[in-house]
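> predicted model, plus sequence, below.
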Amino acid sequence: MSTRKPLFALAAALALGTGAAVAQNAGVQSPNLGKPLSEADIKAWDIAVLPDGTNLPPGSGTPAQGAPIYSQKCALCHGENGANPKPGYGPMVGAHKFDKIDAAKTVTYYEFATTLFDVIRRSMPYPIPRTLTDNEVYALTAYILSINKLIGENDVINAQTLPKVKMPMAGNFIVRFPDRI
């Protein structure tokens, strides 16, 4: 019986607090937090690259250009030549066949090569993402595709060639809700 009163008091306080917050949010006065975003602000962060290459920036890179960048900015976490990463980090080199559900998922699991570019550009290198130039991202993408034997050592990766790279899992994914597309 004694535990019911504190629980009731806690529930009542939460309900009143939530009600006050809703009432405040529905009010006419704003707390004047933040600032309006301009189109330029939004454009700087609207960097999604689509599977067909839409939104890829100008630039290019080769595996040879990407190798020293990888050694300097990626190997510490992902391992030399994409193998033997630090605990908690994924390898960059992996299987080309995914015949069981628990097969290791690496770069070769991506359905589109443009996904690799997008991930590198958006989130690498950790912990200072978005510090690579577009040419560095193209070069790293080329290097990683090359060490996975998906492109040749002398191939150039750019906005035209990257979407044409055939990934091992291309066409092997099922859209869960096709009617929502």
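In hand now; what should we look at?
> residue 146 falls within a helix, correct?
Yes - the assignment for residue 146 is a helix, going by DSSP: H, G, I helix; E, B strand; the rest coil.
> could you give the number of residues near it?
Neighbourhood size, residue 146 [other C-beta atoms under 10 Å]: 21. (Glycine included, C-beta is placed from N, CA and C.)
> shouldn't it be in contact with residue 157?
No - with contacts counted by C-beta atoms under 8 Å, residue 146 stays clear of residue 157, the gap being 9.1 Å.
> residues contacting residue 165?
Counting by C-beta atoms under 8 Å, 6 or more residues apart in numbering, residue 165 makes contact with 113, 145, 150, 151, 157.
> out of these, which are inside strands?
Secondary structure from DSSP state E places residue 157 of the contacts of residue 165 in strands.
> which residues in this protein form strands?
Going by DSSP E, the chain shows strands at 60-61, 157-158.
> out of those strands, deepest packed?
strand 157-158 (a mean of 25; mean count of other C-beta atoms under 10 Å).
> which strands or helices does that strand pack on?
If you count contacts as 3 or more C-beta pairs under 8 Å, 6 or more residues apart in numbering; DSSP states H and E, strand 157-158 packs onto strand 60-61, helix 134-147.
> ok, now with 10 Å
strand 60-61, helix 63-73, helix 113-123, helix 134-147 (3 or more C-beta pairs under 10 Å, 6 or more residues apart in numbering; DSSP states H and E).
> pick the most buried one from these.
Among the helices and strands packed on strand 157-158, ranked by average contacts under mean count of other C-beta under 10 Å, first place goes to helix 134-147 (a mean of 25).
> would you put the C-alpha positions of it in PDB?
Extracted in PDB, the C-alpha atoms of helix 134-147 (Å, rounded to 0.1, in the frame of the first residue of the first chain):
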ATOM      1  CA  ASP A 134      36.000  14.900 -53.500                       C
ATOM      2  CA  ASN A 135      39.100  13.800 -55.300                       C
ATOM      3  CA  GLU A 136      40.300  12.000 -52.200                       C
ATOM      4  CA  VAL A 137      37.000  10.300 -51.800                       C
ATOM      5  CA  TYR A 138      37.100   9.200 -55.400                       C
ATOM      6  CA  ALA A 139      40.700   7.900 -54.900                       C
ATOM      7  CA  LEU A 140      39.800   6.000 -51.700                       C
ATOM      8  CA  THR A 141      36.700   4.500 -53.400                       C
ATOM      9  CA  ALA A 142      38.900   3.400 -56.300                       C
ATOM     10  CA  TYR A 143      41.500   1.900 -54.000                       C
ATOM     11  CA  ILE A 144      38.900   0.000 -51.900                       C
ATOM     12  CA  LEU A 145      37.200  -1.300 -55.000                       C
ATOM     13  CA  SER A 146      40.600  -2.300 -56.400                       C
ATOM     14  CA  ILE A 147      41.700  -4.300 -53.400                       C
END
